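Colleague: fold the following for me, if possible:
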Amino acid sequence: MTDKLAIPADEFRAMGRAVLERITSYYEGLPTRAVVEPSTSQAIRALLEEPLPREGSSFEVLLETFDEVIARYSRHNGHPRFFGYVSSPGTAVTTLGSMLKDAVNANLTCWRSAPAGTELEHITISWLKEMLGLAPDADGLFTSGGSMANFSALAAARSAKAPGNVIRDGVAGPRMCAYVSKEAHFSVRKAAGLLGLGEANVRAIETNSALEIDVADLERRIQQDQADGHLPFCVVANAGTTATGAFDPIGAVADVARRYGLWLHVDAAYGGFAALAPSARQLFARIDEADSVALDPHKWLFLPVGCGCVLYRDAENARAAFSHDAEYTRRIGFERDEAFAFWDYGPELSRPFRALDLWLLIKYVGAARLAEAVEENIACAKYLEKLVQASDDFEMLMPVVLSIFCFRYAPKGFGGDLNVLNERLMAALQRGGSTYLSNAEIEGKFALRGCVLNYRTTRRDMEIVLEDVRRAYQNL
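Modeller: Sure, this is the predicted structure:
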C-alpha cells in the first residue's frame, strides 16, 4: 500500500461501527454515571503518559483507553444534573455531524476554499438572525466562542468610532471608553486589553437589585468621561449574565447609546437563544437596534464546543476592522458572491466547518422542537425556584430570569457561617457525582449556582438537587 495512512474500507467500517456502539452506550449510560469521578492530575497522567510512540497501536486498544481513562475521567456535561457553568450537553445528531464535517475537512476561509460550506454558513447565520428578530440585511459569521465574538464586535466598534484610522495608525488621541455592567463577562475587558484600548478604560457600571445595568449610572459615567476629554464609544448590554442570568434592559441601553453616539453591543452568548421561548421573548424587544450581537450556539442550541457567532447590523463596519489582502489570498477569477472571504469580517483565517453541525441539528429536529427544549430548561429552573420557596431550609438569592438559579442552604438552627457552609456543600456535591453545581457571590452571600442547559433534564432532577444538598449536609 503506497498510502502510509490509509485504512482498508472494510477495516474502517468495522472501526466506525465500534465507535458508534461506544457512543450509543455512552449516551444511554449518562443518567446513571457520576457527573465526574474523583481523581488527581497525577493519577490520570500516570494512566496516559508514555514516550513518543514510534509504532502504532491497535484501534481496539485505543478504544479501551478511551473507555477506561478518557471517558471515565471526563466531566460529563451531558449528564442531566450537570448544572455547573454554561456548558452544552451536545446532541447525538451533531456527534454524527462532526464525523461528516471532519471527513470533508473544509477550511472556511472564503468561498473558493469551501463553496458549499460558505453558502451553508450564510444560510445558518440567516436562521440565527430570524430566531432573534434581527434585520434581514444584518450579517455575521461563526467564531470559536462568545469570547471571540465579543472581541470581534469590540474591534468593529473601535474602528467605527475611532477619530482616525486605528487599523493603520494604532490607537491614538483621546481615551476610548467602553461601558459594561459589573456583571459583564470578563471577555469584554480582556478584548479591550488585547485591542490596545486598555482594560482600565472599560467602565464597570453599577447594577440595580436585579443585577441589571443601572441606566442612570451609565449615563452619568458617559457624561463624566466626556467632561474629562475621553471618547465614549461602546456600551455592552447583557442578554443573560453568566453568574445569575440577569438581563439588561436592551431598549433603555439603546436609548443611551443613540443619545451619545455609542456602538451598542449585546452579549447574548448565554441567553440569546432564549428568544426561541415564548416566556422569554419579551426580553429581546429592540435587540434589532444593536450594532452587534454575540451568540454561542454551543450553549443553548446544544452544539459541540467551538461554535460561537457574531452578528453585525452593518457588516461594513466589521470589514473596515478586519479586511486585509495579500498575494496568497488574492481571489483571481472570482467576482461578486464567489469573491467573498470570511477573513474580511473576523480575526480568523483558517476556520473549521462550524455551520454543518448547526444546519444538521436544525434540519433534523426543527426550530419548534429546539424552542420546546429551551422553554423546558427555563421551566425546570423556575420549578427549582418554587421548591426552594416552599422549603424551610433553602433560600433563593436571586429570582430566576432564564435558566440560571442561585440559592443557598440555610438549615434551621444553624448558627455558623452560611457562606462557609455552602462553600463546603458545593465542594462535597462536586465530589459526590450525583449533582454538579458551581458558585456565585450575590451581595456578599455565597450562592450555590446552577444553569439548566440540557434537554435531558427533568423536574425530577431539580428535586434531586435539593435532596443531594440535604444529604451532603448530613454527611459533612
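
Colleague: which helix or strand lies directly C-terminal to the helix or strand bottoming out on mean pLDDT in the chain?
Modeller: Lowest on mean pLDDT, DSSP states H and E among the helices and strands of the chain sits helix 166-169, with a mean of 91. Using DSSP states H and E, the helix or strand that directly follows helix 166-169 along the chain is strand 176-181.

Colleague: who does that next one pair up with?
Modeller: Paired strands of strand 176-181, with direction, are strand 202-205 (parallel), strand 231-238 (parallel) (DSSP bridges).

Colleague: tell me which helix or strand comes right after the longest one.
Modeller: This means strand 231-238. Sequence order places helix 250-260 as the next helix or strand after strand 231-238, per DSSP H and E.

Colleague: chain center to that following helix: distance?
Modeller: Relative to the centre of its chain, helix 250-260 is centred 25 Å away, using C-alpha atoms, centre = their mean, to the nearest Å.

Colleague: before we move on, back to that, of the strands paired with strand 176-181, which stretch is the most buried?
Modeller: strand 231-238 (a mean of 27; mean count of other C-beta atoms under 10 Å). C-betas here are computed from N, CA, C, even on glycine.

Colleague: tell me the average confidence for that one?
Modeller: Across strand 231-238, the average pLDDT comes to 98.

Colleague: mind saving the C-alpha coords of it as CSV?
Modeller: Output of strand 231-238 as CSV, limited to C-alpha atoms (Å, rounded to 0.1, in the frame of the first residue of the first chain):
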residue,chain,number,x,y,z
LEU,A,231,-14.2,59.4,23.9
PRO,A,232,-17.1,57.1,25.0
PHE,A,233,-17.5,54.7,22.1
CYS,A,234,-19.3,51.4,23.1
VAL,A,235,-21.8,50.1,25.6
VAL,A,236,-22.5,46.4,26.2
ALA,A,237,-25.8,45.1,27.3
ASN,A,238,-26.1,41.7,28.8
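
Colleague: relative orientation of that strand and helix 250-260 in degrees?
Modeller: Strand 231-238 and helix 250-260 are oriented at 170 degrees to each other (axes from the mean of the first three to the mean of the last three C-alpha atoms, to 10 degrees).

Colleague: elements contacting the least confident helix or strand of the chain?
Modeller: Packing partners of helix 166-169 (3 or more C-beta pairs under 8 Å, 6 or more residues apart in numbering; DSSP states H and E): helix 146-161.

Colleague: show me what counts as buried in stretch 110-119.
Modeller: Buried residues in stretch 110-119, defined by neighbour count with 16 or more other C-beta atoms under 10 Å: 110-111, 113-114, 117-118.

Colleague: hmm, back to that, can you list the strands paired with strand 176-181 in TSV and add distance to Tyr73?
Modeller: Shown next, in TSV, are the strands paired with strand 176-181 (distance: least, C-beta to C-beta, whole Å):
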stretch	distance to Tyr73
strand 202-205	38
strand 231-238	34
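
Colleague: closest to Lys129 out of these?
Modeller: Smallest distance to Lys129 across the strands paired with strand 176-181 (C-beta to C-beta): 17.7 Å, for strand 231-238.

Colleague: which residues does stretch 469-476 contact?
Modeller: 393-394, 409, 411, 421, 424-425, 428-429, 432, 435, 448 (C-beta atoms under 8 Å, 6 or more residues apart in numbering).

Colleague: which of the residues you listed has the most neighbours?
Modeller: Thr435 (26 neighbours; other C-beta atoms under 10 Å).

Colleague: pLDDT at it, what is it?
Modeller: 98.

Colleague: same check on Asp3?
Modeller: 83.

Colleague: and of the contacts of stretch 469-476, the nearest to Ala237?
Modeller: If you rank the contacts of stretch 469-476 by distance to Ala237 using C-beta to C-beta, Leu448 comes first, at 27.2 Å.

Colleague: where does this structure dip in pLDDT?
Modeller: For the chain, the stretches with pLDDT under 70 are 1-2.

Colleague: let me see the ranges of the strands in it.
Modeller: Assigned by DSSP state E, the chain shows strands spanning 139-143, 176-181, 202-205, 231-238, 263-268, 292-295, 308-312, 394-398, 404-409, 438-442, 445-451.

Colleague: now tabulate those strands in CSV and tack on distance to Leu96.
Modeller: As requested, those are exported to CSV (distance: least, C-beta to C-beta, whole Å):
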stretch, distance to Leu96
strand 139-143, 19
strand 176-181, 39
strand 202-205, 42
strand 231-238, 34
strand 263-268, 28
strand 292-295, 23
strand 308-312, 22
strand 394-398, 38
strand 404-409, 30
strand 438-442, 30
strand 445-451, 26
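
Colleague: out of these, nearest to Leu283?
Modeller: strand 263-268 (10.0 Å).

Colleague: and that closest one, what does it pack onto?
Modeller: Strand 263-268 packs on helix 146-161, strand 231-238, helix 250-260, strand 292-295, going by 3+ C-beta pairs under 8 Å, 6+ apart.

Colleague: try 6 Å this time
Modeller: helix 146-161, strand 231-238, strand 292-295 (3 or more C-beta pairs under 6 Å, 6 or more residues apart in numbering; DSSP states H and E).

Colleague: as a markdown table, these with distance to Val310 would be great.
Modeller: Shown next, in a markdown table, are the helices and strands packed on strand 263-268 (distance: least, C-beta to C-beta, whole Å):
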| stretch | distance to Val310 |
| --- | --- |
| helix 146-161 | 4 |
| strand 231-238 | 13 |
| strand 292-295 | 6 |
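
Colleague: okay, stretch 404-421 in PDB with CA atoms only?
Modeller: Coordinates of each C-alpha in stretch 404-421 appear next as PDB, following Å, rounded to 0.1, in the frame of the first residue of the first chain:
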ATOM      1  CA  ILE A 404     -29.800  30.000  35.900                       C
ATOM      2  CA  PHE A 405     -30.700  29.500  39.600                       C
ATOM      3  CA  CYS A 406     -28.800  30.800  42.700                       C
ATOM      4  CA  PHE A 407     -29.800  29.600  46.100                       C
ATOM      5  CA  ARG A 408     -28.200  28.500  49.400                       C
ATOM      6  CA  TYR A 409     -28.800  26.000  52.100                       C
ATOM      7  CA  ALA A 410     -29.800  27.600  55.500                       C
ATOM      8  CA  PRO A 411     -30.900  24.800  57.800                       C
ATOM      9  CA  LYS A 412     -33.000  25.800  60.900                       C
ATOM     10  CA  GLY A 413     -30.900  26.300  64.000                       C
ATOM     11  CA  PHE A 414     -27.600  26.600  62.100                       C
ATOM     12  CA  GLY A 415     -25.500  29.100  64.000                       C
ATOM     13  CA  GLY A 416     -22.400  29.100  61.900                       C
ATOM     14  CA  ASP A 417     -21.200  31.000  58.800                       C
ATOM     15  CA  LEU A 418     -23.600  30.200  55.900                       C
ATOM     16  CA  ASN A 419     -21.000  31.200  53.300                       C
ATOM     17  CA  VAL A 420     -18.500  28.700  54.700                       C
ATOM     18  CA  LEU A 421     -21.300  26.000  54.900                       C
END
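
Colleague: which outside residues touch stretch 238-246?
Modeller: With contacts defined as C-beta atoms under 6 Å, 6 or more residues apart in numbering, stretch 238-246 is touched by 183-185, 211-212, 247-248, 266-268, 270-272, 398, 401-402, 404, 406, 440.

Colleague: farthest pair within the buried residues of stretch 110-119?
Modeller: Using C-beta to C-beta, the buried residues of stretch 110-119 span at most 10.3 Å, a distance reached by Cys110 and Gly117.

Colleague: appreciated, that's everything.
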